[in-house]
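J.: I would like to see how this sequence folds:
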Amino acid sequence: MDKESRSGLLLIDKPSGPTSHDVVAAVRGFLGKVKVGHTGTLDPMASGLLVVLVGSTTRLAPYVRDDPKIYEGSILLGVCTDSMDTQGEVTCEKPYGGGPREAREALASLLGELEQVPPMYSAVKHRGRPLYHYARKGQEVARKSRRVRLYRVEMTGYRDLGERAEVDFVVECSPGTYVRDLAARVGCALSCGGTLSRLRRTAAGPFRVEDASSLEAVGDELARGWEVLLPAEAALTGYARVEVTGAACGAVRNGAPVTRDMVSGADAGMALGDVVAVFGGGTLLGVHRVTSLEPFESRAARMM
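T.: This next block holds a predicted model:
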């Protein structure tokens with residue numbers, strides 16, 4: 001595969017330590033001067049699934065499905081930090097006087113919709129700089145709250161540490177959820193403080209960490225060839241597919257609408273306004289939005 005045609009999707013199991021940007025930079029180093037991006041930041045402390053897009057597949061980033069996201073983690077009860085995780089500075093300590101039942105109930109109380117304000121130690125931009133840039137200088141800036149949804153919250157383990165306790169959990173949530181904030185909320189509900197001590201992303205939309213490779217393995221595979229790169233259409237997993245006739249491929253590739261007379265096959269169950277993946281001869285031509293069902297028509301949203 002020549003450099004210009006290196007495109008596709010990688011599922012990487014990020015270790016704890018490097019930033020998501022570090023992983024992207026490493027992949028770029030493996031591939032050479034090829035555009036590389038990712039679809040969801042993981043904090044340096046966090047490990048787990050990072051969906052990485054390569055080459056022209058980066059154009060599909062807005063369409064990669066990542067709802068729900070699933071995380072496994074641990075909360076240390078009895079301590080607060082300025083970053084809401086154990087990498088921050090301790091700001092308060094108070095013995096935890098409860099047990100596993102109280103911790104389980106505090107976690108369960110989070111289920112449903114929440115308003116969250118992005119933590120100062122986050123990658124959300126303010127005047128072109130990430131919030132953690134200001135936090136490291138001891139500066140606080142105004143942030144807008146966002147609504148998130150927790151579909152499932154469960155306690156999966158509990159350890160008594162004397163005046164502290166550590167609670168293991170799994171959470172299934174909408175994109176943009178700050179799990180560190182959830183840890184702090186649990187600590188607040190239990191009147192002892194809480195901070196995130198471990199976090200691992202196990203799923204994002206249709207993608208699973210079991211299907212991911214370590215960064216080292218990806219590097220080894222790329223050194224031998226490019227088979228580790230999933231095709232661009234993998235980024236559109238979960239979308240309906242429309243196939244156009246060979247005669248229409250050129251026009252559709254150039255952004256022409258797809259009309260019923262061009263279609264040689266289509267998945268069932270599409271609705272008005274749906275995003276669909278348009279193929280010709282087995283090749284992904286672009287992403288369209290359905291504008292009519294009777295007769296069928298779609299218009300280009302993103303071309304490859």
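J.: Mind jotting down where the strands sit in the stretch 51-200 of the chain?
T.: 69-77, 79-81, 90-93, 112-116, 125-126, 129-130, 146-161, 164-173, 194-204 (DSSP state E, counting those that start in this stretch).
J.: Nearest to P15, out of these?
T.: strand 194-204 (10.2 Å; C-beta to C-beta). Just so you know, the C-beta spots here come from the backbone N, C-alpha and C atoms, and that holds for glycine as well.
J.: now for the helix or strand just after that closest one, which elements pack on it?
T.: Sequence-wise, the next helix or strand downstream of strand 194-204 (DSSP states H and E) is strand 207-208. If you count contacts as 3 or more C-beta pairs under 8 Å, 6 or more residues apart in numbering; DSSP states H and E, strand 207-208 packs onto strand 47-54.
J.: how does it look with 10 Å?
T.: Applying 3 or more C-beta pairs under 10 Å, 6 or more residues apart in numbering; DSSP states H and E, one finds that strand 207-208 makes contact with strand 8-14, strand 47-54.
J.: related to what we said a few turns ago, lowest-confidence stretch among the strands of the stretch 51-200 of the chain?
T.: Across the strands of the stretch 51-200 of the chain, strand 125-126 has the smallest mean pLDDT, namely a mean of 65.
J.: Which strand or helix spans the residue nearest the centre of the chain?
T.: Taking C-alpha atoms, centre = their mean, the centroid of the chain lies closest to G40, which sits 3.5 Å from it. Using DSSP H and E, G40 is not contained in any helix or strand.
J.: right, so of the strands of the stretch 51-200 of the chain, which gets closest to A234?
T.: Of these, nearest to A234 by C-beta to C-beta is strand 194-204, at 13.0 Å.
J.: The residue nearest to the centre of the chain contacts C173, correct?
T.: No - contact criterion C-beta atoms under 10 Å: G40 and C173 do not qualify, at 11.9 Å.
J.: Spit out the residues that contact the two alike.
T.: Common contacts of G40 and C173, defined by C-beta atoms under 10 Å, 6 or more residues apart in numbering, comprise K69.
J.: returning to what we had before: out of the strands of the stretch 51-200 of the chain, which gets nearest to A247?
T.: Closest approach to A247 among those is made by strand 194-204 (37.8 Å; C-beta to C-beta).
J.: Throw the strands of the stretch 51-200 of the chain into TSV and include mean neighbour count and distance to A232, thanks.
T.: Output for the strands of the stretch 51-200 of the chain, formatted as TSV (neighbours: other C-beta atoms under 10 Å; distance: least, C-beta to C-beta, whole Å):
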stretch	mean neighbour count	distance to A232
strand 69-77	24	22
strand 79-81	21	41
strand 90-93	12	46
strand 112-116	12	33
strand 125-126	12	28
strand 129-130	13	29
strand 146-161	14	29
strand 164-173	21	27
strand 194-204	23	18
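J.: Switch these over to a markdown table; also include distance to L182.
T.: Formatted as a markdown table, the strands of the stretch 51-200 of the chain follow (distance: least, C-beta to C-beta, whole Å):
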| stretch | distance to L182 |
| --- | --- |
| strand 69-77 | 8 |
| strand 79-81 | 14 |
| strand 90-93 | 18 |
| strand 112-116 | 8 |
| strand 125-126 | 22 |
| strand 129-130 | 21 |
| strand 146-161 | 8 |
| strand 164-173 | 7 |
| strand 194-204 | 8 |
